[in-house]
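S.K.: whatever this is, show me its structure:
(chains A and B)
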Number of protein chains: 2
Amino acid sequence: MLKVYGDVYSGNCYKLRLLLSQLDIPHVWQHVDILKRETRTDAFLALNPNGKIPLLELDNGECLAESGAILHYLAADTPLVPTERLAHARMLQWMFFEQYSHEPYVAVARYIVRYLGRPADKEETLQQKMAPGYRALDVMEQQLTKEDFFAGGRYTLADIALYAYTHVAGEGGFELQRYPAIRAWLARVQAQPGYVGMD
Amino acid sequence: MLKVYGDVYSGNCYKLRLLLSQLDIPHVWQHVDILKRETRTDAFLALNPNGKIPLLELDNGECLAESGAILHYLAADTPLVPTERLAHARMLQWMFFEQYSHEPYVAVARYIVRYLGRPADKEETLQQKMAPGYRALDVMEQQLTKEDFFAGGRYTLADIALYAYTHVAGEGGFELQRYPAIRAWLARVQAQPGYVGMD
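M.R.: Okay, the predicted model is just below:
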């Protein structure tokens, strides 16, 4: 059976929980605690030399890392991955956008506030996350003012990838009330069949 | 004709130059100067609200952003994108790895040294890039000790994505002589048909 190494804090892991629920894929969830540095043990590094979760272990023991790649593997040949060439690339565009221009700010701010308890020595880092985080949300708002979803005119992996940290952006201090189109989209994601929340 | 907005400094843009050469795809290259903030003009932001290059403009005027997504669009249905499900996801794994765990360190260190001239007020930032940059190179070395390429047992988009900033990592102060498997792989990439260098 498929095995996922993940935790309950990480939005990157939650992306997989949401997809596995929506596609009703049988799996075992192996809890890994980042705060206890369980991704840095020799045993875990043998599975993923990059020392990160989530990680997918296949029946044959092979492992696949990176949330976006795991989503793509699990959802291959489902309506969540467009087959049309441009729509497929557009989905990937937003997944790369999420990992490069969104997650390092929106997710890290939430991590500092919610999980580290906003320590004084992280305050400057936290403040540096706000402007680029808001820029990412601005870009999303522009897209969602034009279209209901991010790629191919329908709910795809791009929505799952962006939903994970966006819907809890408030926990990092981002004011989502500024973004009516994002809030309407969050509700559209929550209305998808098989939706499960983060906690 | 396809139009690429890009510059000559950026490894993210070079990925496209390399692919376009290898697939011999006719295109127009529109130079955009980041240092002159040409990605922040109203005209450019209308094309890519995220204000980044490279950007691909299709014949119908639609634009596609994010180097990984553009590579995927251009190389669809070529041997550079594996069709087998796990190999495809493995290629994406390394492309996401590059954008999240490699580029923000290896590329940014090079940018500070080569293009900003290593100013004193960036020295602390530069130093902070070194350890995670070396961790990314260590992970690559492990993979390349086992296999000749990153995904599917052959040259794919993952190799193009990782080659771009790795082969000039020395310009940011990283010592590639520590990595024999990476250096052998760099030579394998340079031996691919249609290879063009960065400068």
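
S.K.: show me the contacts for the closest residue to residue A:86 other than its chain neighbours.
M.R.: In this structure, residue A:86 finds its nearest non-sequential neighbour in residue B:73, 6.5 Å apart by C-beta to C-beta, 6 or more residues apart in numbering or on different chains. Glycine gets a C-beta too; all of them are placed from N, C-alpha and C. Counting by C-beta atoms under 8 Å, 6 or more residues apart in numbering or on different chains, residue B:73 touches A:85-86, A:88-89, B:56, B:64.

S.K.: can you tell me the helix or strand for residue B:73?
M.R.: Using DSSP states H and E, residue B:73 sits within helix B:67-75.

S.K.: what angle separates that helix from helix A:67-75?
M.R.: 40 degrees (axes from the mean of the first three to the mean of the last three C-alpha atoms, to 10 degrees).

S.K.: buried stuff in stretch A:113-128?
M.R.: Of the residues in stretch A:113-128, A:113, A:122, A:126 count as buried by neighbour count, 16 or more other C-beta atoms under 10 Å in any protein chain shown.

S.K.: what's the closest of those residues to residue B:21?
M.R.: residue A:126 (43.3 Å; C-beta to C-beta).

S.K.: which stretch of helix or strand covers the closest residue to residue A:62 other than its chain neighbours?
M.R.: Computed as C-beta to C-beta, 6+ apart, the closest residue to residue A:62 that is not its neighbour in sequence is residue B:86, at 7.2 Å. For residue B:86, the element it lies in under DSSP H and E is helix B:85-97.

S.K.: residue at max distance from the center of chain A?
M.R.: Distance from the centre of chain A peaks at residue A:120, with 27.1 Å (C-alpha atoms, centre = their mean).

S.K.: neighbours of the nearest residue to residue A:183 once chain neighbours are set aside, just the number please.
M.R.: Closest residue in space to residue A:183, ignoring its immediate chain neighbours: residue A:176 at 6.1 Å, by C-beta to C-beta, 6+ apart. Counted with other C-beta atoms under 10 Å in any protein chain shown, residues neighbouring residue A:176 total 15.

S.K.: equivalent analysis for residue A:177, please.
M.R.: 9.

S.K.: next, the buried residues of the longest helix along chain A.
M.R.: Secondary structure of chain A per DSSP state H: the longest helix is helix A:123-146. Buried residues in helix A:123-146, defined by neighbour count with 16+ other C-beta under 10 Å: A:126, A:129, A:133-137, A:139-141, A:143-144.

S.K.: elements contacting that helix?
M.R.: helix A:85-97, helix A:108-110, helix A:157-166, helix A:180-190 (3 or more C-beta pairs under 8 Å, 6 or more residues apart in numbering or on different chains; DSSP states H and E).

S.K.: still on that earlier bit, contacting residues for the residue nearest to residue A:183?
M.R.: By C-beta under 8 Å, 6+ apart, the contact list for residue A:176 reads A:137, A:166, A:169-170, A:182-183, A:186.

S.K.: nearest to chain B among the residues you listed?
M.R.: Of all the contacts of residue A:176, chain B sits closest to residue A:137, with 11.6 Å by C-beta to the nearest C-beta.

S.K.: tell me how far the closest one lies from residue A:197.
M.R.: Distance, residue A:137 to residue A:197, using C-beta to C-beta, to the nearest Å: 21 Å.

S.K.: and chain A, which residues reach chain B?
M.R.: A:49-50, A:52, A:58, A:62, A:64-70, A:72-73, A:76-77, A:85-86, A:88-90, A:92-93, A:95-97, A:99-101, A:103-104, A:135, A:138-139, A:142-143 (C-beta under 8 Å from any C-beta of the partner chain).
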